[in-house]
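Colleague: Sequence plus predicted model, see below.
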Amino acid sequence: MALNEKKILDHNKLISKISKLRNRKIVLCHGVFDLLHPGHIEYFKEAKSYGEILIVSLTADQYVNKGPFKPVFKHNIRAFTLANLEIVDFVFINESADAVKLINIIKPNFYIKGQDYKEKTKDINLVKEKKAVKKNNGLTQFTSGKIFSSTQLLNDNFVSFTKEQGQIIKKLKSKFSKKNFTSQLKKLNKLKVLVIGEVIIDEYIFCEAIGKSGKEPVMVNKKIKSEKYAGGSISIANSISKFCNTVELLTFLGDKKEEKNFITKKLGKKIKLNFVNKKNSPTIIKSRLLDEYSGRKLAAIYDLNDEDLDEKNENIMINKLKKIIKKYDLVVLADYGHGLFTKKIINFLESNAKYLALNLQLNALNQNFQKIEKYKKVDLLCLHERELRNYIRTREENNDKLISNLKKLIKFKKIIITKGNKGSKLYSKNKKIDCPAFAYEIVDRIGAGDTLFGIASILIFFEFNDLFSLFVSNIAAGDSISNIGTESSISKNQLIKNIEYLLK
């Protein structure tokens, strides 16, 4: 191992090293350090002047919170670069979103942050870190050197935005300031939202391929592990609850309530769960077999009863709606075609909701009978372009032409057509807005459309700028597919940070 690489400490080596340095003044610097520039050198020099030993910790890749396409350089490369700076004594890769645990281990005499952090008094991580430093009898100081923006340098020189992404970013920079879009998103707090849709539990069964069965033409897989995620309307409600303080989810569960505890645990704290127990039905579970090595999906098994609610359940649902619907500004419908939205329930919603946003989905079970004509009118409609062609019953690929035909089947004020890795398009009256996708790491595409729909619904209801609404929704959807399963939803602070970094 090269001498400089010995400066990179793992957890055990760090603890051992710190025990030997207790009589020395230790200085800790912490950050991402995705692109070293002259400002960092000045930062380290000033930091080192406070003590004798300079430890630089850097955020591990999975915890980097600098927006899409970041970090550009993996943490092992960033650590190697820092270790080769003479002024740096030791380097540590921090497996956490903040440096609190690390500060409690090192107990630095001085914790040094750059001058740009001096004004970030409400930065959640910095607030926690400063408390930890004080608790360990240390001091937090800010440097006085010239401010450089690594993010801006990376965006300008290293991140390869597509032509379409670059154009959208340029437009938004000219229309919105950081303060402007932050204040816009904060307005969503008071919005009251009712989400109605089927709860879907996504089960991922990770397997290892063993080989062909000895007696049958069947591929044998050995189960390694299984994980369950809260999907369907839960995913949408969770996404919305990150921005709105009042959210209720109305759905059905299985008649044996076998998954109620799991669902309650996975729902955001701001969400009220309201449900009926569907007769002769399990709570919907969609199981998928995945190859553990490649992550590829091998097969799927659905456990559900997708018949319509019977008359008794239907009446219970409508009675629940009568009690609550008037207090909600926005009603978000996630129709997965598994029997929740009967004709009677749809008629009630269309007659009584103040604002209706609808996402009508096709899947392997409902593609032969899921019809958009069962709805007469909504305020916002969201469809994937393949679903659009299916509802119109055509192979025509020009979405603009298809929208005209769709208006003959259902009335809507605005419609979003999602196009997978090509982004999405919003139509309103005579206006069309395209927004490219902003996915930087594709792990699992399931649930991206749900995330986009949920965020777009609340933004468009509030009559935010259409381009801004579509852009923010695409950023949220791009974040969701960087994780496996449907459970992860971006927080408001994270979304704001992602937008800030993209628009630098």
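Modeller: That came through, no problem.
Colleague: how many other residues sit next to N76?
Modeller: Neighbour count for N76, taken as other C-beta atoms under 10 Å: 12. For glycine as for every other residue, the C-beta is placed from the backbone atoms N, C-alpha and C.
Colleague: typo on my end, I433
Modeller: 18.
Colleague: Now it: which helix or strand?
Modeller: Here I433 sits within strand 431-435, counting by DSSP states H and E.
Colleague: Buried ones in that strand, by neighbour count?
Modeller: 433-435 (16 or more other C-beta atoms under 10 Å).
Colleague: next one: stretch 220-236
Modeller: So stretch 220-236, judged by 16+ other C-beta under 10 Å, has buried residues 221, 228-236.
Colleague: Can you pick out the ones from those that are in helices?
Modeller: 233-236 (DSSP state H).
Colleague: what about V276, which SS state?
Modeller: strand (DSSP: H, G, I helix; E, B strand; the rest coil).
Colleague: Look up how far D255 lies from it.
Modeller: V276 is 10 Å from D255, where distance means C-beta to C-beta, to the nearest Å.
Colleague: Kindly report the same for E203.
Modeller: 20 Å.
Colleague: just L298 next, same as before
Modeller: Taken as C-beta to C-beta, the span from L298 to D255 is 31 Å.
Colleague: same question, V27
Modeller: Taken as C-beta to C-beta, the span from V27 to D255 is 62 Å.
Colleague: quick one, which of those two is more surrounded?
Modeller: V27 (26 against 16).
Colleague: Next, the more buried one: secondary structure please.
Modeller: Relying on three-state DSSP, one would call V27 strand.
Colleague: ok, now L362?
Modeller: Applying three-state DSSP: L362 is coil.
Colleague: which residues touch it?
Modeller: Residues in contact with L362 (C-beta atoms under 8 Å, 6 or more residues apart in numbering) are 337, 370, 384, 386-387, 390.
Colleague: next one: K222
Modeller: 207-210 are the contacts of K222 under C-beta under 8 Å, 6+ apart.
Colleague: For it, name its beta-bridge partners.
Modeller: Judged by DSSP bridges, the bridge partners of K222 are E208.
Colleague: got it, and the one 5 residues further on?
Modeller: Legend: beta-bridge partners of E227 under DSSP bridges are Y204.
Colleague: so which strand or helix has L380?
Modeller: strand 377-384.
Colleague: Contacts for that strand next, please.
Modeller: Contacts for strand 377-384 (C-beta under 8 Å, 6+ apart): 333, 350, 355-362, 391, 410-420, 449, 452-453, 456-457, 460-461.
Colleague: could you dump the strand holding I433 to PDB, C-alpha only?
Modeller: The C-alpha trace of strand 431-435 is given here as PDB (Å, rounded to 0.1, in the frame of the first residue of the first chain):
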ATOM      1  CA  LYS A 431     -50.200  25.000 -24.400                       C
ATOM      2  CA  LYS A 432     -47.700  22.100 -24.400                       C
ATOM      3  CA  ILE A 433     -44.700  21.700 -22.200                       C
ATOM      4  CA  ASP A 434     -42.000  19.100 -22.500                       C
ATOM      5  CA  CYS A 435     -39.700  18.100 -19.600                       C
END
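Colleague: about what we covered before: can you tell me which two in the contacts of L362 are farthest apart?
Modeller: Among these, the pair separated by the greatest distance (C-beta to C-beta) is G337 and R386, at 14.6 Å.
Colleague: Which of the two has more residues huddled nearby?
Modeller: G337 (18 against 12).
Colleague: show me what contacts the more buried one?
Modeller: G337 touches 306, 360-363, 365-366, 369-370, counting by C-beta under 8 Å, 6+ apart.
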